[in-house]
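Enquirer: Give me a 3D structure for the following:
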Amino acid sequence: MSERITIHGSCHCGDITFEAQANPSRVVICHCTDCQKMSGGPYRSIVQVKEDDFTLLSGQPKLYFKVGDSGNRRELGFCAHCGSHLYATSVVEDVPKRQRMLGIRTGLLDELAQLAPRSQVWCQSKVSWAENIAELPGVAQQS
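Expert: Below you'll find the predicted structure:
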């Protein structure tokens, strides 16, 4: 039986809040060029949850539709106020009813520290310098 936890998340401004049931083994890093562009970073970390296990508590995501690197149509939800990307999923017309998986952005989650990635996808687009940052000098916070 797979372990499931309740996750809680919000956009940056707090207008959109949600919770979901998630399996920590379903956390993945995506290196596709769409995730790089949309996150402003070298990759994006997501946790995949069934749409039926996702509950919107406040706010209403604005939807954006695109064709992904895979050639599949994608629906992306984000906050219209602060621009936080919430999730990506298949376009509802492209999958059987009630079978969509949401790729929730883990940076939005209160439980982020519990959701270490278990795999990586679209590694052909991986930025090589992002593979090992442990050796870089760091400070606890920026002044």
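Enquirer: show me what contacts Ser58?
Expert: By CB atoms under 8 Å, 6 or more residues apart in numbering, the contact list for Ser58 reads Asp15, Ile16, Thr17. Where C-beta positions appear, they are placed from N, C-alpha and C, glycine not excepted.
Enquirer: Select from these the one having the most neighbours.
Expert: Greatest neighbour count in the contacts of Ser58, by other CB atoms under 10 Å, goes to Ile16: 25 neighbours.
Enquirer: Now that one. Nearest residue, chain neighbours left out?
Expert: Of all residues beyond its chain neighbours, the one nearest Ile16 is Gly59 (3.4 Å), with distances taken as CB to CB, 6 or more residues apart in numbering.
Enquirer: next one: Met38
Expert: The shortest distance from Met38 to any non-neighbouring residue, by CB to CB, 6+ apart, is to His85 (5.9 Å).
Enquirer: Over to the one you found: give its phi and psi.
Expert: phi -80, psi 130 (degrees, to the nearest 10).
Enquirer: Pairing partners for it in the sheet, please.
Expert: Taking DSSP bridges, one obtains Phe78 as the residues bridged to His85.
Enquirer: Might you report the residue contacts of the spatially closest residue to Arg74 that is not a sequence neighbour?
Expert: Sequence neighbours aside, Gly68 is the residue nearest to Arg74 in space, at 4.7 Å (criterion: CB to CB, 6+ apart). Taking CB under 8 Å, 6+ apart, we find Gly68 in contact with Cys32, Asp34, Arg74.
Enquirer: ok so the second one is a helix residue?
Expert: Yes: per DSSP: H, G, I helix; E, B strand; the rest coil, Asp34 lies within a helix segment.
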